[in-house]
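1. output the structure for:
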Amino acid sequence: MKTALYGIIHNHTNIGYDGLLSAYHETDKRADGYLRDWYSNATNYVIGGPKENHSYSGEGDGYNREHLVPQSWFGSGEMKSDLVQVVPSDGYVNNRRGNYPLGENNGGTWMSANGYSKLGACTVSGYSGQCFEPNDEVKGDIARVYFYVLACYENLHPNWNGGSASQVFDGKKYPGLKDWALKMFLRWAKQDPVDDVERARNEAVYKWQKNRNPFIDYPSLCEYVWGDSVSYAFDVSLPHGQGEVVIPDDPNPDDPDPDDPVTPDNPGAHSGCIVFSQCTWTSEKHPTYGNGYTATANGLKISYYTNTSQNGVIKTDAEVRLYKGAVLLIEGAEVTGVVFHAYDSKLANMSIDGKSYAWQDKATMTWTGSMNPFLVMAQDGQSRIASMDVTIAEPLITGVEDLGRPSVLRLVFDEQGRYVGHSVPARRGIYLIREGERTIKSLVR
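-> Model (predicted):
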C-alpha cells in the first residue's frame with residue numbers, strides 16, 4: 001500500500017524554493033489574516049511583509065521556511081521545496097530546533113514563548129537524545145507530514161543518513177521509521193485528529209503542486225500502512241474523515257435503550273442467545289477442569305470441560321453434555337443472567353456460585369446474579385444443553401446495523417476514521433465497524 005501511494009503522489013509540480021513564500025499566502029493564512037506560525041503562538045506576521053526572511057536575534061523578529069524533515073538529513077532535490085513538508089515558522093524558534101529529531105521532552109534546554117515549543121532530552125521510550133517538541137495542536141499535522149514523506153519519497157528515504165536522520169529513519173523501504181518514532185507519530189495522529197485548518201491547507205497545497213496528502217484525506221490510512229489495521233484491506237469508498245459527524249438526538253432519552261448500562265429500570269440490557277449447534281468448537285485442556293472444548297459466540301468465550309472419566313461421547317453439533325463434575329465457563333464480560341434450554345429430558349441439578357439449581361418443567365433453568373467469569377458445575381447425572389440466553393452488564397457492542405446478532409468486533413473506528421479499539425463502551429456515537437471483510441456504519445444511542 002505504501003508503494004501504491006508513492007505511485008499516486010510522487011509526481012507533482014515543483015513550485016521552487018521561492019514559490020513556497022508565495023504559496024503561504026493561501027496555505028498558511030490564519031482566520032485573522034496573519035501568518036500561521038507552526039512553531040510559535042506569540043507572533044503576528046504579515047504574510048509577505050517586511051519580516052519575511054528577516055534576520056533575527058529573538059522570537060518575533062522574522063519568519064522563514066522550516067523543513068519539518070530537516071534538509072541536512074536528505075540533501076537537495078525536489079523535497080527541499082515540497083509545500084507539504086516545508087512550512088512557515090518563526091526564524092529564531094526554527095533555528096533553535098536545528099536538525100534535532102522531533103519528540104517529547106520536559107523543556108529542559110529551552111522553551112519558546114508561552115512554552116509553545118520545547119527543546120530538551122527526549123522522554124519517548126527508545127530515544128534519549130536532544131529533541132524538539134512542537135505544540136500539541138500541530139503534532140497530528142506533523143505526524144501526517146512524516147507519513148506523507150515516507151510514501152512520497154519512498155525511493156529516497158532509505159538512503160537518508162545526514163545529521164541525526166539515522167536516529168529517526170531506519171534505512172529501510174518499510175516501515176521507514178525507527179520503532180520509537182513510528183509509535184510516537186501514530187499516537188500523535190490519534191491524539192490530534194484532522195481538523196478544518198489541516199483540510200483547508202491540503203486543498204490549497206493541491207492547487208499549487210497538484211498532489212495531496214492522503215493521510216489527511218483518509219485519517220485512518222496510517223493505521224492500514226503501519227498501525228493496527230495492516231492485515232485489513234483499505235476501503236477508499238468509506239467516509240474516513242469526510243465531513244462532520246451529526247449524531248441525531250434520541251427521541252426518547254428517558255426510555256431504556258439496549259446500549260444503556262444495566263440498572264434496576266433496565267434489567268434486560270445486552271441479551272443474546274448462544275446456540276451450540278452454531279458454534280465452532282476447538283479442543284482445549286484446562287489445568288483445573290481437564291479436557292474440553294471452547295468456542296467464541298456473541299463476543300464471549302464459551303468453554304466446557306468434562307473433568308471426569310465418565311465423559312462418553314461429547315457431541316458438539318447440537319448440544320453440550322455436562323456430566324457430574326463437569327463445568328461450563330462464560331468469559332469476556334460480567335454475566336447477570338442465563339436461561340439454559342435443554343436438548344432432551346436427561347437433566348441434572350447444577351451448582352452456580354455454591355447454590356443448587358434445578359430444571360424447570362424439563363425445559364429451562366434460569367439463573368440471575370452477577371459473575372465474571374460465569375461458572376456452572378454439574379452435580380449429578382448429566383445435562384444436555386442446546387442453547388443459552390445470556391445477559392451481560394456491558395457488551396463489546398450491540399445493535400450494529402445489518403448484523404443479525406451481536407458479533408465479535410476486531411476493529412472499531414469512529415466516523416472520522418480514528419481507531420477506537422477492539423471494542424467500545426456503551427456510549428453514544430457513530431461508529432464504523434470492521435468485521436473481517438465487512439464494514440458497517442452504526443449509530444449507538
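
2. so what are the domain limits for the chain?
-> The record's domain split for the chain, according to automatic domain parsing, is 2-225, 235-260+397-445, 271-392.

3. and the longest helix along the chain, what's buried?
-> Counting by DSSP state H, the longest helix found in the chain is helix 136-152. By 16 or more other Cβ atoms under 10 Å, the buried positions in helix 136-152 come out as 138-152. Every C-beta, even on glycine, is put in place using the N, C-alpha and C of the backbone.

4. number of residues surrounding residue 359?
-> Neighbourhood size, residue 359 [other Cβ atoms under 10 Å]: 17.

5. can you pull the contacts of it?
-> Under the criterion of Cβ atoms under 8 Å, 6 or more residues apart in numbering, the neighbours of residue 359 are 340, 342, 347, 349, 365, 383.

6. quick one: residue 1 and residue 223 touch, right?
-> No: between residue 1 and residue 223 no contact is recorded; they are 11.1 Å apart, counting by Cβ atoms under 8 Å.

7. residue 69 contacts residue 84, correct?
-> No: in this structure, residue 69 is not within contact of residue 84 by Cβ under 8 Å, at 10.3 Å.

8. between these two, which contacts overlap?
-> When contacts are counted by Cβ under 8 Å, 6+ apart, residue 69 and residue 84 are jointly contacted by 145, 149.

9. which stretches in the stretch 251-400 of the chain count as strands?
-> For the stretch 251-400 of the chain, the strands defined by DSSP state E, counting those that start in this stretch occupy 271-275, 282-286, 290-297, 300-305, 320-323, 327-331, 335-342, 350-352, 355-357, 364-371, 374-378, 382-392.

10. out of the ones you listed, which gets nearest to residue 186?
-> Of all those, strand 290-297 sits nearest to residue 186, with 28.3 Å by Cβ to Cβ.

11. what's the angle from the closest one to strand 327-331?
-> Per axes from the mean of the first three to the mean of the last three Cα atoms, to 10 degrees, the angle that strand 290-297 makes with strand 327-331 is 40 degrees.

12. now strand 290-297: buried residues?
-> 290, 292-297.

13. neighbours around residue 6, how many?
-> Residue 6 is flanked by 17 other residues according to other Cβ under 10 Å.

14. for it, helix, strand, or coil?
-> State at residue 6, reduced to three classes by DSSP: H, G, I helix; E, B strand; the rest coil: helix.

15. for the protein, which spans come out with low pLDDT?
-> Screening the chain residue by residue with the criterion pLDDT under 70, one finds the ranges 235-271, 299, 307-317, 394-445.

16. who are the contact partners of residue 192?
-> Residue 192 makes contacts with 136-141, 143, as judged by Cβ under 8 Å, 6+ apart.

17. which pair in those has the greatest spatial separation?
-> Within these (distances taken as Cβ to Cβ), the two that end up farthest apart are 137 and 143, at 12.5 Å.

18. picking that back up, output the longest helix of the chain as CSV, restricted to C-alpha atoms.
-> Output for helix 136-152, consisting of C-alpha atoms alone and laid out as CSV, is shown next (Å, rounded to 0.1, in the frame of the first residue of the first chain):
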residue,chain,number,x,y,z
ASP,A,136,0.1,19.6,20.8
GLU,A,137,-2.1,21.4,18.4
VAL,A,138,0.2,20.7,15.5
LYS,A,139,1.6,17.2,16.4
GLY,A,140,-1.0,15.4,14.4
ASP,A,141,-0.4,17.7,11.4
ILE,A,142,3.3,17.0,11.6
ALA,A,143,2.8,13.2,12.0
ARG,A,144,0.8,13.1,8.8
VAL,A,145,3.5,15.1,7.1
TYR,A,146,6.0,12.4,8.1
PHE,A,147,3.7,9.7,6.8
TYR,A,148,3.4,11.6,3.5
VAL,A,149,7.2,11.9,3.2
LEU,A,150,7.6,8.2,3.8
ALA,A,151,5.2,7.5,0.9
CYS,A,152,6.1,10.3,-1.5
